[in-house]
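Colleague: based on what follows, work out the 3D shape:
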Amino acid sequence: MALCDGYGVPAMKDLRERDRAVSANRKQDAAPPSAAASTPDAPVIVLDDEPGQGSPEPERPFVRRAADAVVACADPGQLRDRARLIASRLENEGFCVVGGWDTGVDVLTAVVRQFGRPQIHPGTDGHGVDDITPARLQRIDATSARTTPATEGPHLQGIVAEGDRVRRLDPPALVALQCVQQSANGGSTILLDGEQILRDLVLDDPSHARLLLRPGCVSFVQDDQAAVDVAVFERRSATRYRIRFRYDDGLYAAHWARTSLDHLERTYLTEPEYALRVRLDRGQILLWDNSRMLVADGGRPGATVNRFLRRVWIADETDPAILTRMGQGTRPAAPEKAPYRILGGPSSAYAATLQLGIPVGPDLEHALRLLTRDPA
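Modeller: Predicted structure coming up:
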């Protein structure tokens, strides 16, 4: 497999073959389905669709053992003791399932506060909690044939007021989803790892990758806010990239990127090989890296009866840049009642230290640099 298409990118056949071998080994090493995976404290985590949804059950469904699937926390003290383990899974795998001690909103808040401050948006209450009720899920079932995986808040790009200073506002760093009541008919969450998608895109479709890495290929509009000059895949640091994406009527594409966006959705976001399905039980909380994972609701129609979830955005505070307003008595850079403000209070020690985003090694980084350099 050659990386070329007129951009001078060298062949990376060995990297492609090595990556496929690693992927095959991961599937072979995955634990087989077991009784432990159906116990109340173990979420079922599988590749592909649930049986009965029109797709055959995979031959080797990826199901983690109970001991590996959930970081169980029996009380706030145990949550604090195991916060480093949760953070490690977020950095290395992009998500983590936390077993809470009950289904109260205070448990969700305690987990969130370990990793940052809640971020308000128009769908939340004053504490940043968004109730996803059975009635709301049924309305989604009735109005959409399918839900395309997306990142939360991709349209956010600006600043918010914090007293005399303003902070950069980006999409949330993390998202927490608490299962209060599960439906008897199923109901799951689909995760797609941006690391695997970016790697395959760069190695297999470099011409599309080049355009999706270019700033300005997309704009996202929601609540009268527009994010402009945004790339689907953005450099976050020397070793990490970020994905921001949604494929619906809130997405506006540059004319030169339309074909590549359609290719991304058709070739990667709807392919079962990239889908990881997580079904939470009562009291469990799914945390994921919003700069790495794309997420969709995986419940089939009729699977929303009695299903009740809570969701919280956790603000991105990894960028230390806090800007000071120049002049006295000037209007804040963001309105006082900004709908996307960050809740006050002390921030978590992890908020500025978590290594989030899509990790890239030296080999893939070399290919990315070649793809994003100025062809002139």
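Colleague: got the phi and psi for residue 110?
Modeller: phi -60, psi -40 (degrees, to the nearest 10).
Colleague: quick one: low-confidence parts of the stretch 1-150 of the chain?
Modeller: 1-68, 136-147 (pLDDT under 70).
Colleague: got a list of what the residue nearest to residue 165 when sequence neighbours are not counted touches?
Modeller: Distances taken as Cβ to Cβ, 6 or more residues apart in numbering put residue 322 closest to residue 165, at 4.9 Å, once the chain neighbours are dropped. In this view, the C-beta of every residue, glycine as well, is placed from N, C-alpha and C. If a contact means Cβ atoms under 8 Å, 6 or more residues apart in numbering, then residue 322 has 162, 165, 166, 167, 168 as its contacts.
Colleague: partners of residue 322 in the sheet?
Modeller: Going by DSSP bridges, residue 322 is paired in beta bridges with residue 167.
Colleague: give me the pLDDT for it.
Modeller: The per-residue pLDDT reported for residue 322 equals 73.
Colleague: Three-state assignment for residue 121, please.
Modeller: Following DSSP: H, G, I helix; E, B strand; the rest coil, residue 121 is assigned to coil.
Colleague: residue numbering should commence at 25 henceforth.
Modeller: Fine by me, first position is 25 from now on; the one you just mentioned is residue 145.
Colleague: contact partners for it?
Modeller: 154, 177, 337, 363, 364.
Colleague: try 7 Å this time
Modeller: 337, 363, 364 (Cβ atoms under 7 Å, 6 or more residues apart in numbering).
Colleague: now these in CSV, with pLDDT, distance to residue 150 and neighbour count?
Modeller: Written out in CSV, the entries for the contacts of residue 145 read as follows (pLDDT from 0 to 100; distance: Cβ to Cβ, whole Å; neighbours: other Cβ atoms under 10 Å):
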residue, pLDDT, distance to residue 150, neighbour count
337, 96, 14, 29
363, 74, 12, 15
364, 74, 14, 22
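Colleague: so which of the contacts of residue 346 is the most crowded?
Modeller: Sorting the contacts of residue 346 by how many neighbours each has (other Cβ atoms under 10 Å) puts residue 191 first, at 22 neighbours.
Colleague: per-residue confidence for that one?
Modeller: For residue 191, pLDDT reads 78.
Colleague: which residues are in contact with residue 129?
Modeller: 153, 334.
Colleague: separation between it and residue 157?
Modeller: According to Cβ to Cβ, to the nearest Å, residue 129 and residue 157 sit 14 Å apart.
Colleague: do residue 332 as well
Modeller: 6 Å.
Colleague: okay, those two: which has more neighbours?
Modeller: residue 332 (20 against 15).
Colleague: need the contact list for that one.
Modeller: Counting by Cβ under 7 Å, 6+ apart, residue 332 has contacts 157, 158, 204, 205.
Colleague: looking at those residues, which are in strands?
Modeller: 204, 205 (DSSP state E).
Colleague: buried subset of the contacts of residue 332 as a PyMOL selection?
Modeller: Here is the PyMOL selection string for the buried members of these, based on 16 or more other Cβ atoms under 10 Å:
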select buried, resi 158+204+205
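Colleague: including distance to residue 342, could the contacts of residue 332 go into TSV?
Modeller: Below are those laid out as TSV (distance: Cβ to Cβ, whole Å):
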residue	distance to residue 342
157	32
158	35
204	30
205	34
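Colleague: give me the pLDDT for residue 240.
Modeller: Looking at residue 240, the pLDDT reads 92.
Colleague: looking at this, it is in a strand?
Modeller: No. Counting by three-state DSSP, residue 240 is not found in a strand; it is coil.
Colleague: now do the strands in the stretch 275-400 of the chain.
Modeller: 275-277, 299-303, 308-313, 317-321, 332-338, 346-348, 382-383 (DSSP state E, counting those that start in this stretch).
Colleague: just tell me which of these ends up closest to residue 100.
Modeller: Nearest to residue 100, of all these, is strand 308-313, at 13.5 Å by Cβ to Cβ.
Colleague: same for the closest one, what does it pack against?
Modeller: helix 107-117, strand 119-123, strand 198-205 (3 or more Cβ pairs under 7 Å, 6 or more residues apart in numbering; DSSP states H and E).
Colleague: what's the neighbour count on residue 270?
Modeller: Counted with other Cβ under 10 Å, residue 270 comes out at 19.
Colleague: residue 177 is in contact with that one, correct?
Modeller: No. Look at residue 270 against residue 177 with Cβ atoms under 7 Å: they stay out of range, at 9.4 Å.
Colleague: returning to what we had before: Throw the helices and strands packed on strand 308-313 into JSON lines and include distance to residue 243, thanks.
Modeller: Below are the helices and strands packed on strand 308-313 laid out as JSON lines (distance: least, Cβ to Cβ, whole Å):
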{"stretch": "helix 107-117", "distance to residue 243": "29"}
{"stretch": "strand 119-123", "distance to residue 243": "28"}
{"stretch": "strand 198-205", "distance to residue 243": "22"}
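Colleague: between these, which one is closest to residue 396.
Modeller: In terms of Cβ to Cβ, the element of these nearest to residue 396 is helix 107-117, at 24.1 Å.
Colleague: what's that closest one packed up against?
Modeller: Contacts defined by 3+ Cβ pairs under 7 Å, 6+ apart place helix 107-117 against strand 119-123, strand 308-313.
Colleague: which residue ranges of the stretch 175-324 of the chain form helices?
Modeller: 218-228, 230-236, 282-288 (DSSP state H, counting those that start in this stretch).
Colleague: among these, which is nearest residue 259?
Modeller: Of all those, helix 218-228 comes closest under Cβ to Cβ, at 11.4 Å.
Colleague: what mean pLDDT would you report for the closest one?
Modeller: 95.
Colleague: now that helix against strand 299-303, angle please.
Modeller: Angle between the axes of helix 218-228 and strand 299-303 is 170 degrees (criterion: axes from the mean of the first three to the mean of the last three Cα atoms, to 10 degrees).
Colleague: angle of helix 218-228 against strand 317-321?
Modeller: Inter-element angle recorded for helix 218-228 and strand 317-321: 110 degrees (by the same axes, to 10 degrees).
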